[in-house]
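fold the following and give me the result.
(chains A and B)
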2 protein chains.
Amino acid sequence: MDVINVGLIGAGTVGCGVIKVLNENKDIIEDRLGARIQLKRIADIDPERKRPIEIPRALFTTNAWEIIEDRSIPIVIELVGGTSVAKDFILGAIRKRKHVVTANKALLALHGREIFKAASEQGVEVGFEASVAGGIPIIRAIREGYIANRILSIYGIINGTSNYILSKMSEEGREFNDVLNQAQNEGYAEADPSLDIDGIDAAHKLLILIMLSFGALVEFERIHVEGIRSITPLDISFADEFGYKIKLLAIAKGENRGIEARVHPTLVEKGTPLADVSGAFNAIYIIGDAVGPNMLYGMGAGMMPTASAVVSDIAQIARNIMLGNSHSSLPKSLQGTTSIPSGLVPISEITTKYYLRFQVEDRPGVLGQIAGSLGRNNISIESVIQKGRHIGGEVPVVIMTHEAKERDLMSAIEEIDRFPVIKSKSVFIRIVDLS
Amino acid sequence: MDVINVGLIGAGTVGCGVIKVLNENKDIIEDRLGARIQLKRIADIDPERKRPIEIPRALFTTNAWEIIEDRSIPIVIELVGGTSVAKDFILGAIRKRKHVVTANKALLALHGREIFKAASEQGVEVGFEASVAGGIPIIRAIREGYIANRILSIYGIINGTSNYILSKMSEEGREFNDVLNQAQNEGYAEADPSLDIDGIDAAHKLLILIMLSFGALVEFERIHVEGIRSITPLDISFADEFGYKIKLLAIAKGENRGIEARVHPTLVEKGTPLADVSGAFNAIYIIGDAVGPNMLYGMGAGMMPTASAVVSDIAQIARNIMLGNSHSSLPKSLQGTTSIPSGLVPISEITTKYYLRFQVEDRPGVLGQIAGSLGRNNISIESVIQKGRHIGGEVPVVIMTHEAKERDLMSAIEEIDRFPVIKSKSVFIRIVDLS
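Okay, the predicted model is just below:
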């Protein structure tokens, strides 16, 4: 039986998951692959650290370059994370004509162009199934399963921490900070949670999905990103009354005028598949022109789900090595040989429905003033809830709009926020229509 | 650019979808694949038939063997369906060392062993992504995405017609026959609907999923199959009261003692992902030991979704041809070179929870009699609904059990059905616990 050697750089949580699954499921992987994957060397700055599995000390080195320069290792797994040394390791491995497997979404989002160009020049592959949505095989689905499709749009719940927090807030009616603190104590959120709750991690992953779906490497800074810090139990409860849940969605759409790319809290209608994705689960709802809507659902993070994705990439590269392949299978557009328009549509140009909440003085004529301003800005109202719920002397007026231009909405909100009857900054949350 | 010729046998609905997607999405397929897929010849017994797309008459032949024997065509697409000529065409193409793409689940379920053996001997590939769940890339997910996983269990809604009928019955409170007739009139169900509503089609697909997940080719006749003809609005409504929907599930579990494989109506808890799969949609909920639970959701049939899957197989084979591959990538166990135990667990040996409905005379002591019999047969009760709903002088008693052995349940039902107070044959429906 063929033996394919791999070297692992970074024996943290996911790295240990990879070692564990390669050991425990050796028999089935061999049967399915027709080859043995041999973990030949592990590089980690701290071999002695306590780990969830036993690893023979002899496998360790503290010098990652020993793996990169080992001629018997054709596949290097980068699981150190971050965008500094990880980048050096990956580019170094590629220069040595090694295939690379990584879970590093931040690195791919920020330096993907350079990495894919180098890989293409060297004729090696970069596997990154683990970079988006953990063990859910979404990368493979887009690259292979939907290869015949023009991808029309993508709606992803791809940050487990945010989804966990929003789910808890929704189920228990609690405030954001309260739930965040608990999530941090229980290990569901990082000590510095900003990558997750500010939408940055979701935007990294969205960029990777856009690259594969639309053949475009967009600049990360140009993706419109909003996080979930401003979501309140009040808005969750009003959304619920209208039949919606609030989710942090990563959205991409292929439009004639360019690509829409944005991450923000979104109202999702109850009873549609994305609305029921709760807790730390991830899901990607993707619409292709032939396949129609598809959704892939599962754990988006964690030791074993992520390891599952890493090993799937190792296996695929191993199969290609056995076939004598040294051919980068990235789409031509990512190898720099074709160019597909990759303009991004500015957020001000998008069209969507909105949930609006105004905090107003409880006196006659206020709704008329608000409705008047919306009308003047070409925004038509679908429904209204106005109730006697006093919150510090204010009354919330909640409006659901029909489709409107973001630019028009911004003008209206700006105008309305200057009305003397408006007691605090107005809230708007975009609504997605997937029915 | 490389050009890969393909020949299509069968220009029916899905065949036309394949032609359409190859034409319309030529540019993106070429960009992603780095090669052109050229439809060189189409065989159909009726070239003149009215079709949803324009096809140049010159492409047609009425003789499929012209395609099979054409040396310039390395990939043959079989879309005639059925298990007679389709089998001849596929085996003929394999003998000519051609790769084959098919959507024919019945053929693979009944003659898969022969077909895969032949393909393995000739070193060609058989693509069958389209055979299960239309455009949902479940075959690829299992073979590649979850390659590192020991698959623990599969729960599939993989017959769109049955799911459509059950959804309609549930939403509108209507009888099975009534909804079936409407579905037939609207084209959602065949004139002879038995393959769909009796669970046979779902069992064909389950067999294919078992083959990939457990490396076992089981005999079709040994899968336990029940359809949905006996499902009533009354049971749907009781299930709803207990918090469940009724779905036709195809279930497989890898157990130490063998594989459980069964298709039957099943109570699925509301709020879990499978419960919300409604209408003609399909979904496969699959649990791997590393990846945990994953679900893939989408349209399980139809011209374009199925064509999407067919073309994904063509593209994958084309890629391998470009790499100079002539290597069957089926798991070793399906190539006959290894053997994994493939014993099936008899249905009498399974353990599950049950929904039971007894139609009884409305008089004191009846519940005690039923409970007594259940107890004597080691079945413990989780909850009971007994209401004064008279139906022809009978009262329904509905019981949800804890986990019980099917054999014990059969004994109890047999005993209870002999009680004089029991007015008609008792109903039992298995419950799945995915929470």
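
which residues in the stretch 101-250 of chain A form strands?
A:126-127, A:151-157, A:224-225, A:244-255 (DSSP state E, counting those that start in this stretch).

and those strands, which is most packed in?
strand A:126-127 (a mean of 25; mean count of other Cβ atoms under 10 Å in any protein chain shown). Quick note: C-beta positions are derived from backbone N, CA and C, even for glycine.

for that strand, packing partners?
The contact analysis (3 or more Cβ pairs under 8 Å, 6 or more residues apart in numbering or on different chains; DSSP states H and E) places strand A:126-127 against strand A:99-102, helix A:105-122, helix A:303-322.

point out the most buried one among the ones you listed.
strand A:99-102 (a mean of 29).

quick check, that strand touching chain B?
No: using Cβ under 8 Å from any Cβ of the partner chain, we find that strand A:99-102 stays clear of chain B, coming within 12.0 Å at best.

which SSE is the residue located most distally from the centre of chain A in?
Each residue of chain A has a distance to the centre, and by Cα atoms, centre = their mean the biggest one is for residue A:364: 45.0 Å. In the assignment (DSSP states H and E), residue A:364 maps to no helix and no strand.

dihedrals phi and psi, it?
phi -60, psi 150 (degrees, to the nearest 10).

where's residue A:306 relative to residue A:15, distance?
For residue A:306, the distance to residue A:15 equals 10 Å [Cβ to Cβ, to the nearest Å].

before we move on, what about residue A:76?
For residue A:76, the distance to residue A:15 equals 12 Å [Cβ to Cβ].

just residue A:358 next, same as before
50 Å.

what packs against the helix or strand that contains residue A:411?
With elements taken from DSSP H and E, the one containing residue A:411 is helix A:406-417. Packing partners of helix A:406-417 (3+ Cβ pairs under 8 Å, 6+ apart): strand A:351-361, helix A:366-376, strand A:422-432.

go again using 6 Å as the cut-off
Here helix A:406-417 touches helix A:366-376, strand A:422-432, going by 3 or more Cβ pairs under 6 Å, 6 or more residues apart in numbering or on different chains; DSSP states H and E.

ok, which of those comes nearest chain B?
Closest to chain B of the helices and strands packed on helix A:406-417 is strand A:422-432 (Cβ to the nearest Cβ; 16.7 Å).

that closest one vs strand A:244-255, what angle?
On the basis of axes from the mean of the first three to the mean of the last three Cα atoms, to 10 degrees, strand A:422-432 is oriented at 60 degrees to strand A:244-255.

of all the strands of the stretch 101-250 of chain A, which one is nearest residue B:319?
Closest to residue B:319 of the strands of the stretch 101-250 of chain A, according to Cβ to Cβ: strand A:126-127, at 15.5 Å.

partner strands of the closest one, with direction?
Sheet pairing of strand A:126-127 (DSSP bridges) gives strand A:99-102 (parallel).

then the strand it pairs with to CSV, C-alphas only?
Listed next in CSV are the C-alpha coordinates belonging to strand A:99-102 (Å, rounded to 0.1, in the frame of the first residue of the first chain):
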residue,chain,number,x,y,z
HIS,A,99,1.1,20.8,-0.9
VAL,A,100,-0.5,22.7,2.0
VAL,A,101,-3.5,22.1,4.1
THR,A,102,-4.7,24.9,6.3
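
contacts for it?
A:75-78, A:90, A:93, A:124-128, A:310, A:313-314, A:317 (Cβ atoms under 6 Å, 6 or more residues apart in numbering or on different chains).

chain center to that strand, what's the gap?
Relative to the centre of its chain, strand A:99-102 is centred 20 Å away, using Cα atoms, centre = their mean, to the nearest Å.

same question, stretch A:303-319
19 Å.

circling back: kindly reformat the helices and strands packed on strand A:126-127 as CSV containing mean pLDDT.
Formatted as CSV, these follow (pLDDT from 0 to 100):
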stretch, mean pLDDT
strand A:99-102, 98
helix A:105-122, 94
helix A:303-322, 96
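
show me the contacts for residue A:262.
By Cβ under 6 Å, 6+ apart, the contact set of residue A:262 is A:224, A:251.

do the same with the one 10 residues further on
Residue A:272 makes contacts with residue A:434, as judged by Cβ under 6 Å, 6+ apart.

would you list the strands of the stretch 101-250 of chain A in a markdown table and tack on distance to residue B:36 and mean pLDDT?
Putting the strands of the stretch 101-250 of chain A into a markdown table (distance: least, Cβ to Cβ, whole Å; pLDDT from 0 to 100) gives the following:
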| stretch | distance to residue B:36 | mean pLDDT |
| --- | --- | --- |
| strand A:126-127 | 25 | 96 |
| strand A:151-157 | 20 | 97 |
| strand A:224-225 | 37 | 98 |
| strand A:244-255 | 22 | 96 |
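
out of those, which gets nearest to residue B:294?
strand A:151-157 (14.1 Å).

and the helix or strand hosting residue A:14, what's buried?
In this assignment (DSSP H and E), residue A:14 forms part of helix A:13-24. By 16 or more other Cβ atoms under 10 Å in any protein chain shown, the buried positions in helix A:13-24 come out as A:13-22.

extract the C-alpha trace of that helix and format it as PDB.
Taking Å, rounded to 0.1, in the frame of the first residue of the first chain, the C-alpha atoms of helix A:13-24 are listed here in PDB:
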ATOM      1  CA  THR A  13      -6.700  21.800  19.600                       C
ATOM      2  CA  VAL A  14      -7.400  21.100  16.000                       C
ATOM      3  CA  GLY A  15      -3.900  19.600  15.500                       C
ATOM      4  CA  CYS A  16      -4.600  17.100  18.200                       C
ATOM      5  CA  GLY A  17      -7.900  16.400  16.500                       C
ATOM      6  CA  VAL A  18      -6.100  15.600  13.300                       C
ATOM      7  CA  ILE A  19      -3.700  13.300  15.100                       C
ATOM      8  CA  LYS A  20      -6.600  11.600  16.900                       C
ATOM      9  CA  VAL A  21      -8.700  11.000  13.800                       C
ATOM     10  CA  LEU A  22      -5.700   9.800  11.700                       C
ATOM     11  CA  ASN A  23      -5.000   7.200  14.500                       C
ATOM     12  CA  GLU A  24      -8.500   6.100  15.400                       C
END
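
quick one: that helix near chain B?
Yes: Helix A:13-24 lies within reach of chain B by Cβ under 6 Å from any Cβ of the partner chain, at residue A:21.

how about residue A:91: what's its closest non-neighbour residue?
Counting by Cβ to Cβ, 6 or more residues apart in numbering or on different chains, residue A:118 is the residue found nearest to residue A:91 once chain neighbours are left out, at 5.9 Å.

right, and the one you found touches residue A:95 too?
No: Residue A:118 is beyond contact range of residue A:95, at 7.2 Å (criterion: Cβ atoms under 6 Å).

how about residue A:81, nearest residue that isn't a chain neighbour?
residue A:104 is the one closest to residue A:81 (Cβ to Cβ, 6+ apart), at 5.9 Å.

kindly report the same for residue A:134.
residue A:305 (4.0 Å).

and the one you found, what does it touch?
Contacts of residue A:305 by Cβ under 6 Å, 6+ apart are A:134-135, A:299, B:291-292.

now those: which count as buried?
Taking 16+ other Cβ under 10 Å as the criterion, what is buried in those is A:134-135, A:299, B:291-292.

farthest pair within the residues you listed?
A:134 and B:292 (8.8 Å).

show me what from chain A comes close to chain B.
Residues of chain A lying close to chain B (Cβ under 6 Å from any Cβ) are A:21, A:25, A:28, A:31-32, A:34, A:135-137, A:140-141, A:144-145, A:147-150, A:276, A:290-292, A:294-299, A:304-305, A:307-308, A:311-312, A:315, A:323, A:325, A:331-333, A:338.

give me the ChimeraX select line for those, limited to the buried ones.
To isolate the buried members of those in ChimeraX, using 16+ other Cβ under 10 Å:
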select /A:21,25,28,31,32,34,135,136,137,140,141,144,145,147,148,149,150,276,290,291,292,294,295,296,297,298,299,304,305,307,308,311,312,315,325,331,332,333
